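Visitor: Structure of the sequence below:
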Amino acid sequence: MTDSFSFYLRKIKSLRRGRAHGSPTPHKPLLLLTIIDLIEQGAINRNRIEPSPQLVETYLSYYSQVGEGWPRPFLPFFHLKTSGFWHLHARKGQEAALEAAQTFNSMSQLSSIVDYANLDDELFALLLDPPAREVIRQTIIDAYLPTYRTALESVFQHSRNITDVTRLLELQAEGIAVASVPPSPVRSAAFRREIMGLYNYTCAACHLRIVTLDGKAAVDAAHIVPFAESHDDSIGNGLALCKLHHWSFEYGLIVLDDELRVLINSNFDEQGPRALLLRNLNGQRILLPAKKPYFPSLQAVRHHRAKWMIR
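Guide: Numbers count the residues shown, from 1 in each chain. Predicted structure coming up:
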């Protein structure tokens with residue numbers, strides 16, 4: 001074991017932790033397990049860790065096995081800086097606010113000031129290495145959460161299973177021949193994770209993005225051709241849509257043309273604030289993933305449009 005590896009294992013085993021009801025809190029160890037999980041998923045592939053919805057959602061999957069009461073991922077994200085290997089970076093113009101901050105009271109407050117965190121480069125390099133990453137993960141559990149080992153391992157293994165299926169879905173979207181994945185709860189979870197990530201938890205139609213402290217998002221991973229009809233969890237059959245536009249899409253009030261612009265069905269009445277009217281979306285191109293292979297499938301879009309008789 002290298003001196004660097006030993007050094008960081010000692011650092012990880014000596015985290016300063018707050019106390020609740022007389023017992024040390026699990027927040028910092030859980031955040032480190034979250035980061036390891038996100039690296040394993042491929043969601044973190046460079047030394048830039050943002051206070052993102054995916055981070056919150058993954059943190060909560062671990063916290064639900066260990067903690068009681070109100071989960072507060074913003075606390076370890078801020079206070080892990082006392083470890084010496086975790087470094088916070090302010091948003092432009094918020095440097096003084098970050099310097100003066102003693103703590104944060106919500107994830108939205110933190111993310112309004114903190115742009116991202118990064119680890120020491122040597123530690124991040126260790127976490128990119130699968131054997132070293134596993135030793136670090138086990139060290140965290142041994143040091144802080146040994147009585148929850150079985151539950152935490154179950155969360156991690158479930159996440160790993162979803163990651164494996166997600167990668168198959170990505171390869172399929174890129175036109176690479178891989179074994180088909182039969183319908184299952186894991187495949188459904190992989191579809192949701194992939195679509196939510198590709199659209200950054202943002203509605204493709206109206207660009208709304210709301211994520212609550214407990215990881216709930218205002219958007220759904222929607223199927224273009226309904227799953228009950230298609231049994232298709234491919235990336236091309238997915239869109240991230242807010243509750244209103246998911247419902248509107250499901251019932252054919254809105255469809256997409258071949259240029260992935262919104263078309264509005266004329267067969268409905270709407271009233272209300274102008275900014276919220278569906279008809280304002282007519283002709284607007286939807287938000288799209290960064291890579292073209294992950295765009296909505298034209299075959300699925302045409303199938304959906306034909307169903308509602310909008311040419």
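
Visitor: Could you pull out the helices in the stretch 1-150 of the chain for me?
Guide: Secondary structure of the stretch 1-150 of the chain, counting by DSSP state H, counting those that start in this stretch: helices at 3-12, 27-41, 53-66, 74-79, 95-100, 107-113, 121-128, 130-144, 149-173.

Visitor: Tell me which residues of stretch 120-137 come out buried.
Guide: Across stretch 120-137, burial judged by 16 or more other CB atoms under 10 Å covers Asp120, Leu123, Phe124, Leu126, Leu127, Ala132, Ile136, Arg137. Quick note: C-beta positions are derived from backbone N, CA and C, even for glycine.

Visitor: what's the answer for stretch 100-109, then?
Guide: For stretch 100-109, a neighbour-count test (16+ other CB under 10 Å) marks Ala101, Phe104, Met107 as buried.

Visitor: List the neighbours of that stretch that are in contact with it.
Guide: Identification of contacts with stretch 100-109 by CB atoms under 8 Å, 6 or more residues apart in numbering yields Pro51, Val56, Pro73, Phe74, Leu75, Phe78, His79, Leu110, Ile113, Val211, Leu213.

Visitor: and the fourth one, how far is that from Tyr144?
Guide: Phe74 sits 19 Å away from Tyr144 when distances are taken as CB to CB, to the nearest Å.

Visitor: for Arg19, which residues make a bridge with it?
Guide: Under the criterion DSSP bridges, Arg19 forms beta bridges with Pro24.

Visitor: Determine the number of other residues adjacent to it.
Guide: 8 (other CB atoms under 10 Å).

Visitor: wouldn't it be in contact with Thr25 here?
Guide: Yes: applying CB atoms under 8 Å as the test, Arg19 and Thr25 come out as touching, 6.5 Å apart.

Visitor: Can you dump the C-alpha atoms of stretch 234-252 in CSV for me?
Guide: The C-alpha atoms that make up stretch 234-252 are tabulated as CSV, following Å, rounded to 0.1, in the frame of the first residue of the first chain:
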residue,chain,number,x,y,z
SER,A,234,-34.8,2.4,-24.6
ILE,A,235,-33.3,5.9,-24.2
GLY,A,236,-34.9,6.9,-27.5
ASN,A,237,-38.3,6.3,-26.1
GLY,A,238,-37.8,8.6,-23.2
LEU,A,239,-38.3,12.3,-22.3
ALA,A,240,-38.1,14.2,-19.1
LEU,A,241,-41.4,16.1,-18.7
CYS,A,242,-42.9,18.1,-15.8
LYS,A,243,-46.2,16.8,-14.4
LEU,A,244,-48.3,19.1,-16.5
HIS,A,245,-46.5,18.4,-19.8
HIS,A,246,-46.2,14.7,-19.1
TRP,A,247,-50.0,14.6,-18.7
SER,A,248,-50.5,16.8,-21.8
PHE,A,249,-48.2,14.6,-23.8
GLU,A,250,-49.8,11.4,-22.6
TYR,A,251,-53.2,12.7,-23.7
GLY,A,252,-52.1,14.1,-27.0
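
Visitor: just to revisit the earlier point, let's have the buried residues of stretch 100-109 in TSV, adding pLDDT and distance to Tyr62.
Guide: Supplementary listing: the buried residues of stretch 100-109 in TSV, determined by pLDDT from 0 to 100; distance: CB to CB, whole Å:
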residue	pLDDT	distance to Tyr62
Ala101	94	25
Phe104	92	20
Met107	85	16
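
Visitor: Could you dump these into CSV and include distance to Leu241?
Guide: As requested, the buried residues of stretch 100-109 are exported to CSV (distance: CB to CB, whole Å):
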residue, distance to Leu241
Ala101, 36
Phe104, 31
Met107, 23
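
Visitor: closest to Gly42 among those residues?
Guide: Closest to Gly42 out of these is Met107 (22.7 Å), distances taken as CB to CB.

Visitor: quick one: the closest one and Ala97, what's the gap?
Guide: Applying CB to CB, the value for Met107 to Ala97 is 16 Å.

Visitor: Also Val181?
Guide: Counting by CB to CB, the gap between Val181 and Ala97 amounts to 46 Å.
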